[in-house]
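Enquirer: Quick one: sequence and predicted model below, then my questions.
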Amino acid sequence: MLTALITQFVVLWAVIDPIGSVPVYLSQTSHMTKQQRRIVAIKAVTISSCILLFFLIAGQFLLEAMQIPLPAFQAAGGLVLLLFALTMIFGESKPDQETKMSSDNLSRSDLSATAVYPLAVPSIASPGAMMAIVMLTDNHRFALVEQAMTAGIMMLVLVATLLLLLSANVIHRIIGHVGASIISRVMGLILAAVATSNLLQGILDFYTLA
């Protein structure tokens, strides 16, 4: 049982990737005040938690009702993630874009929009995380108690994500705008590799099932 829990923790940590969300958070909030960054971090993790809990509870029923196999969902998620990664690599760096805006002009809706995209989705509650939580709580393989334990592990990873985001201000003071821009592009490249792997694996599994 302990081995299974550790395995689930490692899998969820990898797909949610709390550390990988820090550069995205820094690039999106570099122009904001400390209080605004805190609000965005809390909102992003809260929204991500709701999304992942929804997929944990209803994801499998939803996919089966629409007759969508998990490999197809994985391939679609990989494609969405790849498109986002390409914007991080080839587009104008997010820190450069955001420094053009004045933090004083940010409204509550602006903060909420930033928290939703790209922080909550697809950075924290990524397509890979959605798929992983559906597979780790497969109703045909896992009992209700096991699914509840998986939910607890998922929330633990999300709490770790929140703590990292809240401490990202210290990181921001150290690396500055240039460092955030460099990290954003490097993470975009890594994200593109992960997304391509998910896309190809989903296509392979889909045709294997077929």
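Expert: Happy to help now that I have it. Numbers count the residues shown, from 1 in each chain.
Enquirer: pretty sure Arg185 contacts Met88?
Expert: Yes: Arg185 is in contact with Met88 according to CB atoms under 8 Å; the separation is 6.3 Å. C-beta here means a position set from N, CA and C on the backbone, and glycine is covered the same way.
Enquirer: Neighbour count: these two, which is higher?
Expert: Neighbour count, other CB atoms under 10 Å: between Arg185 and Met88, Met88 has more, with 22 against 17.
Enquirer: Assign a three-state SS to the more buried one, would you?
Expert: The three-state label given to Met88 by DSSP: H, G, I helix; E, B strand; the rest coil is helix.
Enquirer: Apart from its neighbours in sequence, what residue is nearest it?
Expert: Leaving aside its sequence neighbours, Met88 sits nearest to Gly188 (CB to CB, 6 or more residues apart in numbering; 2.9 Å).
Enquirer: Do I have it right that the one you found meets Leu86?
Expert: Yes: counting by CB under 8 Å, Gly188 does reach Leu86; the two are 7.4 Å apart.
Enquirer: more neighbours, the two?
Expert: A direct count of neighbours by other CB under 10 Å for Gly188 and Leu86 places Gly188 higher, at 22 against 15.
Enquirer: any idea of the mean pLDDT for the helix or strand that contains the more buried one?
Expert: Gly188 belongs to helix 168-209 when assigned by DSSP states H and E. Mean pLDDT, computed over helix 168-209, is 77.
Enquirer: packing partners for that helix?
Expert: In terms of contacts (3 or more CB pairs under 8 Å, 6 or more residues apart in numbering; DSSP states H and E), helix 168-209 is packed against helix 18-29, helix 34-54, helix 70-90, helix 94-98, helix 127-136.
Enquirer: what's the first one packed up against?
Expert: Using 3+ CB pairs under 8 Å, 6+ apart as the contact criterion, the secondary-structure elements in contact with helix 18-29 are helix 34-54, helix 94-98, helix 144-166, helix 168-209.
Enquirer: now the second one
Expert: Counting contacts by 3+ CB pairs under 8 Å, 6+ apart, helix 34-54 is packed against helix 18-29, helix 108-114, helix 127-136, helix 144-166, helix 168-209.
Enquirer: Same question for the third one.
Expert: Using 3+ CB pairs under 8 Å, 6+ apart as the contact criterion, the elements in contact with helix 70-90 are helix 127-136, helix 168-209.
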